[in-house]
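> need a 3D model of the sequence below.
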Amino acid sequence: MLEALGVEDGDAIGEVATGTGYNAALICHRSGDKNLVTVEVDAHLTRLAKARLGEVGYHPTVRTADARTGFPADTPLDRLIITCGFDAFSYVLARGVRPGGVIVCPLGWGNARMTVGGDGTLLGRFLAGGSYFMKARDENSTDGVPYPEQPGNPTHRHAAFDPRDLGDEGFRFMHSLVVGEVGEAQEMSGGTVTGHRMWTSDGSWAHVEDGTVHQSGPRKLWDTAERAYEWFESHGHPTRERFGVTVTPEGQTYWLDEPGQELPQEWLSHRS
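This next block holds a predicted model:
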């Protein structure tokens, strides 16, 4: 991610999610601590990171803030790196980055490298390699999607594809873009996948076992997974770096190979 950020001498750099401070120390080593502003939503982590950085001789600006409301920098940034996950990019973050600036951000289970256009549109591609960051959160909250209470009237039908297919790394990445924040759990027996559960914060859930899918809630999660897998197969199992993203104040779209070849938008109807 730091290599993709493409930092140059003199760049003003922002970091979202300071965490331990390790990533901030690497940036300071490359660019000097006066060029970095790093923010963390958790005040306790902020204090610890600032102390650690000071122990190794770095004194960047370290602030406690929820960057989803805007990045607290006094000057436009040339580079912004985000080390917490988003399902939908918080566009307000882009307002702190100059036109031509670069943002590297985890989206779904991938890292997108986006450039800010003159009209404020963000355009970029996904990097090779996975991304499994804690999702952006409020202070004192924990990561994860709570398992919903299962209503008593789920639908039942034959599952059109095997839950083991969800283990395909390329499909898991694409599916993360399609379904957004989702909780998942595999069921195993003797080292073999025998079932799969998925659920989302809107109360939707799906459970596949013995070739049958049981699901309920506002969204039919397994229906979406099946349509997505059919599309994935028909396009030759594309690798993640073939995917890209466009972000505007109105929302974001994902595409394959180039803008204009968007993933079916009905899959993304849950996004604001």
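> now residue 241: how far from residue 126?
6 Å (C-beta to C-beta, to the nearest Å). (C-beta placed from N, C-alpha, C; glycine too.)
> those two - which one has more neighbours?
residue 126 (25 against 12; other C-beta atoms under 10 Å).
> without its sequence neighbours, what residue ends up closest to the more buried one?
Nearest residue to residue 126 in three dimensions, chain neighbours excluded: residue 110, at 4.3 Å (C-beta to C-beta, 6 or more residues apart in numbering).
> is that neighbour in a bridge, and if so with what?
residue 107 (DSSP bridges).
> measure it to residue 91 for me?
18 Å.
> show me which of these two is the more surrounded one.
Set residue 110 next to residue 91 and count neighbours by other C-beta under 10 Å: residue 110 wins out with 24 against 15.
> list the residues that contact that one.
126-127, 130-131, 173, 176-177, 240, 243 (C-beta atoms under 8 Å, 6 or more residues apart in numbering).
> centre-most residue in the protein?
Closest residue to the average C-alpha location of the chain: residue 107 at 2.5 Å, with C-alpha atoms, centre = their mean.
> surely it meets residue 90?
No - applying C-beta atoms under 8 Å, one finds residue 107 not in contact with residue 90, separated by 11.0 Å.
> work out for me the element residue 99 sits within.
Element membership for residue 99, per DSSP states H and E: strand 97-107.
> do residue 215 as well
strand 212-216.
> whichever strand or helix holds residue 45: which residues count as buried?
Secondary structure from DSSP H and E places residue 45 in helix 43-55. Buried residues in helix 43-55, counting neighbours by 16 or more other C-beta atoms under 10 Å, are found at 45-46, 48-50, 52-53.
> what do you get for stretch 163-173?
In stretch 163-173, counting by 16+ other C-beta under 10 Å, buried: 163, 165-166, 171-173.
> okay, that stretch in CSV with CA atoms only?
The C-alpha coordinates for stretch 163-173 follow below in CSV (Å, rounded to 0.1, in the frame of the first residue of the first chain):
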residue,chain,number,x,y,z
PRO,A,163,-20.5,-23.3,-0.8
ARG,A,164,-16.9,-24.5,-1.4
ASP,A,165,-16.8,-22.2,-4.4
LEU,A,166,-16.8,-19.3,-2.0
GLY,A,167,-13.3,-20.2,-1.1
ASP,A,168,-12.1,-19.0,-4.5
GLU,A,169,-10.0,-15.9,-3.7
GLY,A,170,-10.9,-14.0,-6.7
PHE,A,171,-14.6,-14.6,-6.2
ARG,A,172,-14.4,-13.8,-2.5
PHE,A,173,-12.9,-10.4,-3.4
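> now it: mean pLDDT?
Averaging pLDDT along stretch 163-173 gives 83.
> so how far is residue 66 from residue 200?
Distance from residue 200 to residue 66, counting by C-beta to C-beta: 23 Å.
> those two: who's more crowded?
Of the pair residue 200 and residue 66, residue 200 is the one with more neighbours under other C-beta under 10 Å, namely 20 against 16.
> need phi/psi at that one.
phi -130, psi 170 (degrees, to the nearest 10).
> show me the contacts for it.
145, 148, 179-183, 217, 219, 221, 270.
> isn't residue 50 right up against residue 62?
Yes - counting by C-beta under 8 Å, residue 62 is a contact partner of residue 50 at 4.3 Å.
> between the two, what contacts are shared?
What both residue 50 and residue 62 touch, as defined by C-beta under 8 Å, 6+ apart, is the set residue 21.
> ok, back up a step: helices or strands up against the next helix or strand after the helix holding residue 45?
Note on helix 43-55: by DSSP H and E, the next helix or strand toward the C-terminus is strand 61-64. Packing contacts for strand 61-64, counted by 3 or more C-beta pairs under 8 Å, 6 or more residues apart in numbering; DSSP states H and E, involve strand 36-40, helix 43-55.
> how is residue 203 assigned, secondary-structure-wise?
coil (DSSP: H, G, I helix; E, B strand; the rest coil).
> returning to that earlier point: pick the one among the buried residues of stretch 163-173 closest to residue 116.
Nearest to residue 116 out of those is residue 173 (C-beta to C-beta; 24.1 Å).
> would you map the strands across the chain?
13-16, 36-40, 61-64, 77-82, 97-107, 110-116, 122-126, 155-158, 183-189, 192-199, 205-209, 212-216, 243-248, 251-256 (DSSP state E).
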